[in-house]
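**Student:** need a 3D model of the following:
(one chain, ligands or ions: 1)
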Amino acid sequence: MTTIKATCPGCGEVSLTADDVILRISSISSSNSYAFDCPDCGDFIEKPADERIIKLLLSGGVMPVMTHVPAEALEIRTGPPINYDDILAFHEIMKTENWFEDLLGRT
Ligand SMILES: [Zn+2]
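**Tutor:** Numbers count the residues shown, from 1 in each chain. The predicted structure follows:
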């Protein structure tokens, strides 16, 4: 079986087999990653996987896991994060008649 060399932040270079490595591939290349339990310290290590790393791991016999990134995670967000005051205001609005139309500005 092919030995796969990886690096643990605490232990340095460690030797793994294909079965030790989880390779996650998604439709969004920036969220591709690989992970393993360090054989020395036992820590779970997860790192981004670029195209070169993916090819190396696949050639080493690692079976990829296809992951799904929900569309909401890719939405471009603007403005400040929602806070407790926003939730309270939304709660108060939902107690009124026609709250949804009010939110849409149709009244
Ligand atoms: Zn380690």
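**Student:** from now on I want contacts and neighbour counts done on CA atoms only, so please keep to that.
**Tutor:** Will do.
**Student:** need the contact list for Leu88.
**Tutor:** Not one residue lies near Leu88 by C-alpha atoms under 8 Å, 6 or more residues apart in numbering.
**Student:** shouldn't it be within a helix?
**Tutor:** Yes. Membership of Leu88 in a helix is supported by DSSP: H, G, I helix; E, B strand; the rest coil.
**Student:** sketch out the low-pLDDT regions of the chain for me.
**Tutor:** Applying pLDDT under 70 to the chain flags the ranges 106-107.
**Student:** tell me which parts of it are close to the ion?
**Tutor:** Neighbours of the ion within the chain, by C-alpha under 5 Å from the ion: Cys8, Gly10, Cys11, Cys38, Cys41.
**Student:** inside strands: which ones of the residues you listed?
**Tutor:** Cys8 (DSSP state E).
**Student:** walk me through the domains of this protein.
**Tutor:** In the assignment given by automatic domain parsing, the structural domains of the chain cover 1-67, 79-107.
**Student:** okay, these in JSON lines with distance to Ala73 next?
**Tutor:** JSON lines is the format used below for the domains of the chain (distance: least, C-alpha to C-alpha, whole Å):
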{"stretch": "domain 1-67", "distance to Ala73": "11"}
{"stretch": "domain 79-107", "distance to Ala73": "14"}
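**Student:** which helix or strand contains Asp85?
**Tutor:** Applying DSSP states H and E as the criterion places Asp85 in helix 84-94.
**Student:** one more: Leu23?
**Tutor:** Assigned by DSSP H and E, Leu23 belongs to strand 22-26.
**Student:** packing partners of that strand?
**Tutor:** Here strand 22-26 touches strand 33-37, strand 64-67, going by 3 or more C-alpha pairs under 8 Å, 6 or more residues apart in numbering; DSSP states H and E.
**Student:** ok, 10 Å please
**Tutor:** Applying 3 or more C-alpha pairs under 10 Å, 6 or more residues apart in numbering; DSSP states H and E, one finds that strand 22-26 contacts strand 33-37, strand 44-48, helix 51-59, strand 64-67.
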